[in-house]
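> Quick one: sequence and predicted model below, then my questions.
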Amino acid sequence: MFANHAMQLISKKSPPNKVMVAYGLFSAAALVVYHFVASGEFSAILTLAVIFQCLGFALLSLQVLLTGSTAGISARALALDAWSLCFRLSSTLWLHGYLPVDASGDFVFQAVDVISLVLVFWLLHSLLFEKRRSYQEEQDTFPATPVVVSCLILAGLFHADMNARPVFDTLWMAGLFISAVAVLPQLWLISNTGGKVEPLTSHYIAAMAISRALSGIFIWHARFDITCEPLVEGYNHAIWVILGAHVLHLLLLGDFGYYYVKAIMKQGLGSQLELIQDCYV
């Protein structure tokens with residue numbers, strides 16, 4: 001409901017005000033959760049991470065609503081996001097091993113992920129059915145299925161045991177791995193379509209990076225609390241694999257982040273990125 005109300009408010013604004021309103025609304029929601037639900041507990045940073053992830057999907061949904069087009073959006077990236085959210089929710093909806101220990105882990109964390117999943121399904125429906133004519137299917141060719149299979153295999157090998165249930169520990173870890181590389185099809189599509197990135201698409205990618213950075217900060221501080229059945233006696237592989245997934249996501253967005261910040265500083269929040277052109281400037 002919050003996401004729908006937020007998009008209705010934002011859609012009444014004109015660029016770049018809509019981006020500022022979106023960030024403002026979700027930042028306000030994050031502060032409310034942090035101060036009034038989580039009572040300022042540090043673990044709430046994990047809930048803030050999923051709120052910013054939800055912001056990314058809301059911005060992408062807003063782009064479709066405002067433009068009536070799905071051009072520049074990767075259905076394969078969204079499919080990976082859907083798998084990631086489903087795998088994570090399979091654990092967090094009823095188990096407590098990977099939830100914030102504050103009150104936001106009782107319902108807010110899960111509710112925000114459910115909203116994100118609904119937004120992703122709506123976007124996929126728009127891409128594949130309602131607005132299929134504008135979907136750039138011929139350029140959106142990144143092999144997503146092998147990614148899911150590979151992540152499941154790796155998760156089966158390297159999962160933690162915070163749930164003490166191997167199947168759901170594996171699914172949670174697979175969700176993390178998939179989320180770390182889910183941006184690849186989007187970057188692939190951008191490259192195949194000339195390097196142009198619509199403003200709200202670029203903010204979507206940036207919001208996902210903020211989400212992963214916040215999650216990584218929490219994991220780093222909680223690294224001594226994460227346990228696993230070690231593959232090598234005395235070596236906790238799970239924590240380093242989890243941290244590595246967060247670092248990988250941020251590394252994949254390194255070049256994008258540079259040009260994103262550069263464009264905002266020069267042209268403001270409503271600027272369209274020209275990644276290929278900028279590479280030669």
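Cool, got the structure.

> Can you tell me how far N17 is from S116?
Separation of N17 from S116 (CB to CB, to the nearest Å) stands at 24 Å. All C-beta atoms are positioned from the backbone trio N, CA, C, and that covers glycine.

> Which one of those two is surrounded by more residues?
Between N17 and S116, counting by other CB atoms under 10 Å, S116 is the more crowded of the two (26 against 14).

> Quick check: mean pLDDT of the host helix or strand of P185?
Counting by DSSP states H and E, the element that carries P185 is helix 184-192. Averaged over helix 184-192, pLDDT sits at 94.

> What helices and strands are in contact with whatever helix or strand comes next after that helix?
Moving toward the C-terminus from helix 184-192, the next helix or strand (DSSP H and E) is strand 196-197. Applying 3 or more CB pairs under 8 Å, 6 or more residues apart in numbering; DSSP states H and E, one finds that strand 196-197 contacts strand 273-274.

> partner strands of the strand it packs on, parallel or antiparallel?
Within its sheet, and counting by DSSP bridges, strand 273-274 is paired with strand 196-197 (antiparallel).

> From the rest of the structure, what touches the strand it pairs with?
Outside strand 196-197, the residues that touch it by CB atoms under 8 Å, 6 or more residues apart in numbering are G72, I190, I205, Q272, L273, E274, L275.

> Show me how far it is from its chain's centre.
For strand 196-197, the separation from the chain centroid amounts to 19 Å (computed by CA atoms, centre = their mean, to the nearest Å).

> returning to what we had before: if any of the contacts of strand 196-197 are buried, put those into a ChimeraX selection.
Once 16 or more other CB atoms under 10 Å is used to decide burial, the buried members of the contacts of strand 196-197 can be selected in ChimeraX as follows:
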select :72,190,205,273,275
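
> returning to that earlier point: put the alpha carbons of the helix holding P185 into CSV.
Output for helix 184-192, consisting of C-alpha atoms alone and laid out as CSV, is shown next (Å, rounded to 0.1, in the frame of the first residue of the first chain):
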residue,chain,number,x,y,z
LEU,A,184,24.1,-8.3,-15.1
PRO,A,185,21.2,-8.7,-17.5
GLN,A,186,20.3,-5.1,-17.1
LEU,A,187,23.9,-4.0,-17.8
TRP,A,188,23.9,-6.4,-20.7
LEU,A,189,20.8,-4.8,-22.2
ILE,A,190,22.2,-1.3,-21.7
SER,A,191,25.3,-2.3,-23.6
ASN,A,192,23.3,-3.9,-26.4
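
> Return the set of buried residues in that helix.
L184, P185, Q186, L187, W188, L189, I190.

> Nearest residue to the first one in space, please, no chain neighbours.
When the adjacent residues along the chain are set aside, L184 lies closest to F142, with 6.0 Å between them (CB to CB, 6 or more residues apart in numbering).

> my guess is that neighbour meets R76, correct?
Yes - F142 sits in contact with R76 when judged by CB atoms under 8 Å, with a separation of 5.3 Å.

> circling back to that earlier point, redo the buried residues of helix 184-192 as CSV? Include distance to F52.
Conversion of the buried residues of helix 184-192 to CSV gives the following (distance: CB to CB, whole Å):
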residue, distance to F52
L184, 20
P185, 20
Q186, 17
L187, 19
W188, 23
L189, 22
I190, 21
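
> Overlap of the contact sets of F142 and R76?
Taking CB under 8 Å, 6+ apart as the contact criterion, the residues that touch both F142 and R76 are P185.

> With just CA atoms, put the helix or strand harbouring F121 into CSV.
F121 is part of helix 108-125, with elements assigned from DSSP H and E. Included here for helix 108-125 are C-alpha records, laid out as CSV according to Å, rounded to 0.1, in the frame of the first residue of the first chain:
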residue,chain,number,x,y,z
VAL,A,108,8.3,-5.0,8.5
PHE,A,109,11.3,-6.8,6.8
GLN,A,110,9.1,-9.5,5.4
ALA,A,111,6.3,-7.1,4.4
VAL,A,112,8.7,-4.9,2.4
ASP,A,113,10.1,-8.0,0.6
VAL,A,114,6.5,-9.1,-0.3
ILE,A,115,5.8,-5.6,-1.7
SER,A,116,9.0,-5.8,-3.7
LEU,A,117,8.0,-9.2,-5.1
VAL,A,118,4.5,-7.8,-6.1
LEU,A,119,6.2,-4.9,-7.9
VAL,A,120,8.6,-7.2,-9.7
PHE,A,121,5.7,-9.5,-10.9
TRP,A,122,3.8,-6.4,-12.1
LEU,A,123,6.8,-5.2,-14.0
LEU,A,124,7.3,-8.7,-15.6
HIS,A,125,3.6,-8.7,-16.6
